[in-house]
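Chemist: A structural model of the following input is requested.
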Amino acid sequence: MTGQAIGVFDSGIGGLSVLKALRAAMPHEDFIYIADSGHAPYGERDAAHVLARSRAIARHLVDQRVKALVMACNTATAAAIALLRAEHPGLPLIGVEPALKPAASLSKTGRIGVMATRSTLASDKFKALLEMQGSSATFVLQPCDGLAHAIERSAETGETAETIALCTRYTQAMGQFGFEKGQIDTLVLGCTHYPFASEHLRALLGPEVQLLDNGEAIARQTRRLVLPAPVANDQTEGRVQLLTTGQPSALQAAAGRWLGLPAGGGVLTV
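Modeler: Predicted coordinates:
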């Protein structure tokens with residue numbers, strides 16, 4: 001690593017969707033990515049567990065002198081971002097939240113689906129975000145137990161049957177998708193894992209239903225808050241250090257499959 005890196009963490013590999021957007025927007029920055037796979041899934045654990053893990057990982061990244069911290073996890077953001085901002089007041093800290101406001105402005109039918117983890121949908125932060133939308137649209141909320149874990153497994157094995165089956169179950173449970181009155185024409189992907197299932201959702205819902213995630217918005221906000229890294233004449237792109245509290249094979253496979261990063265990474269004990 002050269003100079004200060006930007007820290008990024010998630011409960012697993014889902015935050016790689018955010019890392020991909022960050023690297024596209026800030027190609028000369030170095031990144032440290034932590035997958036807390038040894039303590040996942042966050043979305044099906046209680047808030048105290050998520051808060052404790054978020055604090056432990058944040059402390060580790062602060063010890064590495066990161067210049068910003070991106071919480072690339074909706075569940076961790078909802079549970080921990082307020083406390084982490086209080087504990088690390090000098091550190092730019094960027095969280096994620098489901099893209100409800102953009103969805104409301106884009107939807108033509110006024111009926112919007114939200115796929116997220118059970119913990120995210122039950123959080124006070126999400127409830128406040130939902131209340132802020134007022135009567136601008138109707139939001140159909142769908143907890144997606146097991147989907148993030150299925151996406152994690154598919155990254156390593158290449159087997160997508162479980163992911164497709166869960167996407168089918170949950171979209172069917174939400175009701176009809178389409179462009180007629182009463183149909184859902186916009187789907188918010190409220191977990192950073194879910195963009196990696198976009199092709200399956202597209203196949204199920206058709207090409208015209210809008211799928212919204214927040215990777216690009218997070219990248220824009222991070223770029224706004226972070227001083228840019230100095231660029232050497234011969235530097236083409238920054239470096240990425242991959243760390244996990246679980247088995248590194250899944251993270252390495254996902255980073256190679258979805259981001260084109262070379263094999264590598266280490267095990268972290270925090």
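Chemist: so where do the strands sit in the stretch 151-270 of the chain?
Modeler: All strands of the stretch 151-270 of the chain, identified by DSSP state E, counting those that start in this stretch, fall at 186-189, 210-212, 240-244, 266-267.
Chemist: Adjacent strands (with direction) for the third one?
Modeler: Pairing partners of strand 240-244, with direction, according to DSSP bridges: strand 31-35 (parallel), strand 266-267 (parallel).
Chemist: what's that strand in contact with?
Modeler: By CB atoms under 8 Å, 6 or more residues apart in numbering, the surrounding residues in contact with strand 240-244 are 1, 5, 19, 23, 30-38, 248, 250-252, 255, 261, 264-268. Using the backbone N, CA and C atoms, a C-beta is placed for each residue, glycine as well.
Chemist: now swap in the shortest one and tell me
Modeler: Here strand 266-267 makes contact (CB under 8 Å, 6+ apart) with Q241, L242, L243, T244, T245, P248.
Chemist: what about T222, neighbour count?
Modeler: 22 (other CB atoms under 10 Å).
Chemist: List the contacts of P248.
Modeler: If you count contacts by CB under 8 Å, 6+ apart, then P248 has L242, G265, G266, V267 around it.
Chemist: Touching stretch 121-133 from outside, list them.
Modeler: With contact meaning CB under 8 Å, 6+ apart, stretch 121-133 is reached by 47, 75, 77-79, 81, 97-98, 100-101, 104, 114, 116, 120, 139, 141, 143, 190.
Chemist: excluding its backbone neighbours, what's nearest E237?
Modeler: Distances taken as CB to CB, 6 or more residues apart in numbering place P27 nearest to E237, at 4.8 Å, with adjacent residues excluded.
Chemist: Give me the distance between the two termini of stretch 100-111.
Modeler: Length of stretch 100-111, first residue to last, CA to CA, to the nearest Å: 11 Å.
Chemist: Show me the helices in the stretch 151-270 of the chain, by range?
Modeler: In the stretch 151-270 of the chain, the helices defined using DSSP state H, counting those that start in this stretch lie at 161-174, 198-205, 215-225, 248-259.
Chemist: Comparing those helices, which comes out most buried?
Modeler: Across those, averaging neighbours per residue (mean count of other CB atoms under 10 Å) puts helix 248-259 on top, at a mean of 19.
Chemist: As TSV, the helices of the stretch 151-270 of the chain with mean pLDDT and distance to R65 would be great.
Modeler: Shown next, in TSV, are these (pLDDT from 0 to 100; distance: least, CB to CB, whole Å):
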stretch	mean pLDDT	distance to R65
helix 161-174	98	37
helix 198-205	96	35
helix 215-225	94	17
helix 248-259	89	23
